[in-house]
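> quick check, what structure comes out for this input:
(one chain, ligands or ions: 1)
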Amino acid sequence: MANIVLGVGGGIAAYKACFLLRLLTESGHDVTVVPTESALRFVGAPTWEALSGRPVRTDVWTDVPQVPHVRLGKAADLVVVAPATADLLAKAAHGLAGDLLTNVLLTARCPVVMAPAMHTEMWEHPATQANVSTLTERGVHIIPPASGRLTGADTGAGRLPEPEELFGVCTRILQHRAAKHGGLAHSASRPERDGAAVPARGALRGRSVLVTAGGTREPLDPVRFLGNRSSGKQGYALATVAAERGAQVTLVAANPALPAPEGVTVVAVQTAVELEQAVEVAAKDADVVVMAAAVADFRPARYADSKIKKTHDPDAPDAAPTLELVRNPDILAGLVERRGEATSPVIVGFAAETGDAVGTVLEHGRAKLARKGCDLLVVNEVGVDKTFGLDDNTVHILRRGSGHVVDAGPASKHAIASAVWDAVQEIL
Ligand code: CTP
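Numbers count the residues shown, from 1 in each chain. Next up, the predicted model:
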């Protein structure tokens, strides 16, 4: 069983951390709760002590001979911070160490999970987003906040996800770590942490690959966006398999609620334009680019700085607004167009097809391969109950020129990812 530090920030959602603590201890884990001073204004130390069965402190001046500010972090198999306030994210991003929790974050060499929770405005503020990007790039697993009712009557992005969801992420990370290390020996002497490169081993050793994943979101106003059903699972599986085969992997991830795969550098983005910029930078050194992200083809022509009210036109109180959309860049087409300028990566596209009166899924796939000009096209059938968010997938992998088709699945997205990399390796 694992040695876990549960950090708690000073937000109203601290009460949900009590349930997370319960789920962790009932699964047999040893949990030390490290709240901030302000967290104790929401839930008192006796509650944490009773639920964890361990003493609780917030500063580095208690039990000094035990050196708790170093020992706790070094001995942990997992540090999970829920809720992570804007203040705590900022302190963690900048390496401040004013209390016990921030010291633990600096000394931990195990996976670190942070679940931000705050008001929408604070979450969307560029300062918070920059801190989240910094932490993500360093390998911290950020569990994005859920949308819904906030502290007051208002709603929006910023809610702490439910304790069961946080528990699920922690469990998966611990299982992954146990599989990798053959157990959960408390990791004082283990130098690596998630997000660092894995040793180059396997068929993609020495290769640099870029994978995109998730679904872009195009904001309409501070609380609404146009999005799609992509969960990012297939892209994450592709990044995971590439890392397992020894590649250096950059994953440009659009809004997924998934932990960073081991040994993969994750760049978090929101919109198609942000995704394009991140791809442009990362594609420069890539031997392979896999565009698994579901990119929005259109975005709202204008962004409203404040929430669009139901009665937005006083002269027509019952009227609904008309949305004007503009085209987003076709990132895959851009990559194909620039191919050969400096480097010549193998380019893999994905096709989300439903099939219709004009053609079958495969027919649409072949036409798209011809149109897009990429080296491989992974065609999958999508729909409300198919592919999106599920763990299994069925695909046809089409190769440019020869038109060669490999059918893969129904199988786990990890197995599909292996089939895609097999096809890429043939071209390499
Ligand atoms: N893609 C992209 N930029 C876009 C839209 C899609 O780079 N603006 C990429 C996707 O990542 C995917 C491939 O193009 O690898 C095909 O995406 P899909 O949505 O199936 O194709 P579209 O070109 O948008 O065609 P349509 O929606 O008309 O089927």
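
> partners of the helix or strand of the chain with the lowest mean pLDDT, with directions?
Least confident helix or strand of the chain, by mean pLDDT, DSSP states H and E, is strand 146-149 with a mean of 74. Strand pairing for strand 146-149, determined by DSSP bridges: strand 155-159 (antiparallel).

> contacting residues around whichever helix or strand comes after the partner strand?
Using DSSP states H and E, the helix or strand that follows strand 155-159 in sequence is helix 163-181. Identification of contacts with helix 163-181 by C-beta atoms under 8 Å, 6 or more residues apart in numbering yields 2, 4, 16-17, 19-20, 22-24, 27, 77-78, 80, 82, 110-111, 113, 115, 141, 143, 160, 184, 187, 190, 194, 259, 262. C-betas here are computed from N, CA, C, even on glycine.

> in helices only, show me the residues you listed.
Using DSSP state H, 16, 17, 19, 20, 22, 23, 24 are the members of the contacts of helix 163-181 that sit in helices.

> for those residues, pick the one with the most neighbours.
Comparing those on neighbour count, residue 17 comes out first with 31 neighbours (neighbours: other C-beta atoms under 10 Å).

> any idea which element the residue in the stretch 101-250 of the chain that the ligand sits nearest to lies in?
When scored by C-beta to the nearest ligand atom, the stretch 101-250 of the chain has residue 212 as its residue closest to the ligand, at 6.3 Å. Assigned by DSSP H and E, residue 212 belongs to strand 208-214.

> that strand: how far from the chain's middle?
12 Å (C-alpha atoms, centre = their mean, to the nearest Å).

> next SSE downstream of it?
Downstream of strand 208-214, the next assigned helix or strand under DSSP H and E is strand 218-221.

> quick one: mean pLDDT over that next one.
Mean pLDDT, strand 218-221: 96.

> repeat that for stretch 401-417.
83.

> what's in contact with it?
Applying C-beta under 8 Å, 6+ apart, the contact partners of stretch 401-417 are 233-234, 236-238, 240-242, 362, 366, 391-399, 419-420, 423.

> got it, and stretch 89-96?
Contacts to stretch 89-96, defined as C-beta under 8 Å, 6+ apart, come from residues 81, 84, 98, 102, 105-106, 114, 116, 127-128, 130-132, 134-135, 140.

> try it again with 6 Å
102, 105, 131, 134, 135 (C-beta atoms under 6 Å, 6 or more residues apart in numbering).

> for the first one, which residues are in contact?
Residue 102 makes contact with 91, 96, according to C-beta under 6 Å, 6+ apart.

> 10 Å instead?
Residue 102 makes contact with 7, 34, 36, 60, 69, 88, 91, 92, 94, 95, 96, according to C-beta atoms under 10 Å, 6 or more residues apart in numbering.

> turn the ones in helices among the contacts of helix 163-181 into TSV, including distance to the ligand.
Formatted as TSV, the ones in helices among the contacts of helix 163-181 follow (distance: C-beta to the nearest ligand atom, whole Å):
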residue	distance to the ligand
16	35
17	37
19	38
20	35
22	41
23	36
24	37
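
> can you redo those residues as TSV with pLDDT and distance to residue 332?
Listed next are those as TSV, based on pLDDT from 0 to 100; distance: C-beta to C-beta, whole Å:
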residue	pLDDT	distance to residue 332
16	96	40
17	97	42
19	96	43
20	96	40
22	95	46
23	94	41
24	95	42
